[in-house]
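Student: With the input below, show me the fold.
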Amino acid sequence: MSSQNKRDQLILHTALTAGRIMIENGSEVERVEDTMDRIAHNAGAKTSQLFVMITGILMAINGEVGAQIEPVKRRTFDLEKISVVNDLSRQFAAHKITLQEFSNRLDRLDKSTKYFPFWLQLLSAAMVSGPLEVVFRHNLPDFWITCVVGALGWLVFYLLNKFIQIRFLSEFAAAATIGVLAIWSVHLGLGNSVDDIIIGSVMPLVPGVPITNSVRDILAGNLVSGPARGVEALVSAAAIGFGIAMVLQFL
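Tutor: So this is what the prediction gives:
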């Protein structure tokens with residue numbers, strides 16, 4: 001293989017890895033396309049052709065190396081990883097790192113499972129649940145119990161995602177747990193309104209990023225990825241609703 005073909009393969013690997021990491025962690029398609037185009041251009045590719053979907057990426061450069069496909073097998077939300085990819089792309093554009101260094105650091109980032117500490121996730125879930133319950137329902141007495149129920153609901157969501165990994169089951173089970181805890185807390189005199197506690201506690205589970213990205217993709221003309229993200233968000237929201245409805249129906 002010639003040195004030019006080797007470099008083209010490295011460009012493809014770097015751009016495809018960057019794009020896949022961004023898609024997997026919640027980036028919109030337009031941002032992915034722009035980042036991959038910039039990587040290819042800054043690496044010296046004369047032309048680049050892209051087809052980006054939320055389930056896979058197809059890319060070819062220079063018309064000499066065959067197009068390559070990078071499947072997207074999982075989707076989660078880690079905006080920190082997206083930020084790191086964008087930062088590495090800027091460093092490469094400014095010639096602060098080489099293409100090989102860029103590729104190696106992307107590979108390390110891809111394999112990294114580093115995320116926010118579990119205790120911080122629980123604290124964040126609590127701090128989202130309680131204040132939003134007050135904002136939406138103006139029920140200050142239920143602030144603290146909503147924080148606790150929201151944190152416990154996130155605990156169920158986190159554990160199921162980590163050990164079972166069945167799509168949408170974690171949202172359903174977490175919502176059902178929130179419903180049960182909200183009812184029990186009112187029965188025990190710890191809270192005043194089941195509805196208010198539930199409304200605040202489910203906020204950490206609401207698929208806000210997929211819905212936002214779906215609208216952005218549709219407005220940008222991505223009429224395949226946009227609706228696909230929208231359907232994913234609607235199924236996630238339906239799982240949350242079914243979990244709450246089942247508890248209210250039987251309890």
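
Student: now the strands for the chain?
Tutor: Applying DSSP state E to the chain gives strands spanning 48-53, 56-61, 68-71.

Student: in the first one, what's buried?
Tutor: To tie it back to what came earlier, the one meant is strand 48-53. For strand 48-53, a neighbour-count test (16 or more other C-beta atoms under 10 Å) marks 48, 50, 52 as buried. In this view, the C-beta of every residue, glycine as well, is placed from N, C-alpha and C.

Student: Against which helices or strands is that strand packed?
Tutor: With contacts taken as 3 or more C-beta pairs under 8 Å, 6 or more residues apart in numbering; DSSP states H and E, strand 48-53 sits against helix 3-24, helix 29-42, strand 56-61, helix 225-250.

Student: Over to the last one?
Tutor: Secondary structure elements in contact with strand 68-71, counted by 3+ C-beta pairs under 8 Å, 6+ apart, are helix 3-24, strand 56-61.

Student: Now find how far off-centre that strand is within its chain.
Tutor: 20 Å (C-alpha atoms, centre = their mean, to the nearest Å).

Student: Parallel or antiparallel, which strands does it pair with?
Tutor: Strand pairing for strand 68-71, using DSSP bridges, gives strand 56-61 (antiparallel).

Student: Show me the contact partners of the partner strand.
Tutor: 8, 11-12, 15-16, 19-20, 23, 32, 36, 40, 45-52, 66-72 (C-beta atoms under 8 Å, 6 or more residues apart in numbering).

Student: Can you add mean pLDDT, mean neighbour count and distance to residue 116 and give the helices and strands packed on strand 68-71 back as JSON lines?
Tutor: Shown next, in JSON lines, are those (pLDDT from 0 to 100; neighbours: other C-beta atoms under 10 Å; distance: least, C-beta to C-beta, whole Å):
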{"stretch": "helix 3-24", "mean pLDDT": "90", "mean neighbour count": "20", "distance to residue 116": "17"}
{"stretch": "strand 56-61", "mean pLDDT": "91", "mean neighbour count": "20", "distance to residue 116": "27"}
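
Student: Any idea which of the ones you listed gets closest to residue 80?
Tutor: helix 3-24 (11.1 Å; C-beta to C-beta).

Student: Alpha carbons of that closest one, as PDB, please.
Tutor: Taking C-alpha atoms only, helix 3-24 is exported to PDB below (Å, rounded to 0.1, in the frame of the first residue of the first chain):
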ATOM      1  CA  SER A   3       2.100   6.100   1.600                       C
ATOM      2  CA  GLN A   4      -0.800   8.200   0.200                       C
ATOM      3  CA  ASN A   5      -3.200   5.300   0.600                       C
ATOM      4  CA  LYS A   6      -2.100   4.700   4.100                       C
ATOM      5  CA  ARG A   7      -2.600   8.400   4.900                       C
ATOM      6  CA  ASP A   8      -6.100   8.300   3.300                       C
ATOM      7  CA  GLN A   9      -6.900   5.300   5.400                       C
ATOM      8  CA  LEU A  10      -5.800   7.100   8.500                       C
ATOM      9  CA  ILE A  11      -7.900  10.200   7.600                       C
ATOM     10  CA  LEU A  12     -10.900   7.900   7.100                       C
ATOM     11  CA  HIS A  13     -10.300   6.200  10.400                       C
ATOM     12  CA  THR A  14      -9.900   9.400  12.300                       C
ATOM     13  CA  ALA A  15     -12.900  11.100  10.700                       C
ATOM     14  CA  LEU A  16     -15.200   8.100  11.100                       C
ATOM     15  CA  THR A  17     -14.200   7.500  14.700                       C
ATOM     16  CA  ALA A  18     -14.800  11.100  15.600                       C
ATOM     17  CA  GLY A  19     -18.200  11.000  13.900                       C
ATOM     18  CA  ARG A  20     -19.200   7.800  15.600                       C
ATOM     19  CA  ILE A  21     -18.200   9.000  19.000                       C
ATOM     20  CA  MET A  22     -20.300  12.200  18.500                       C
ATOM     21  CA  ILE A  23     -23.400  10.300  17.200                       C
ATOM     22  CA  GLU A  24     -23.200   7.800  20.000                       C
END
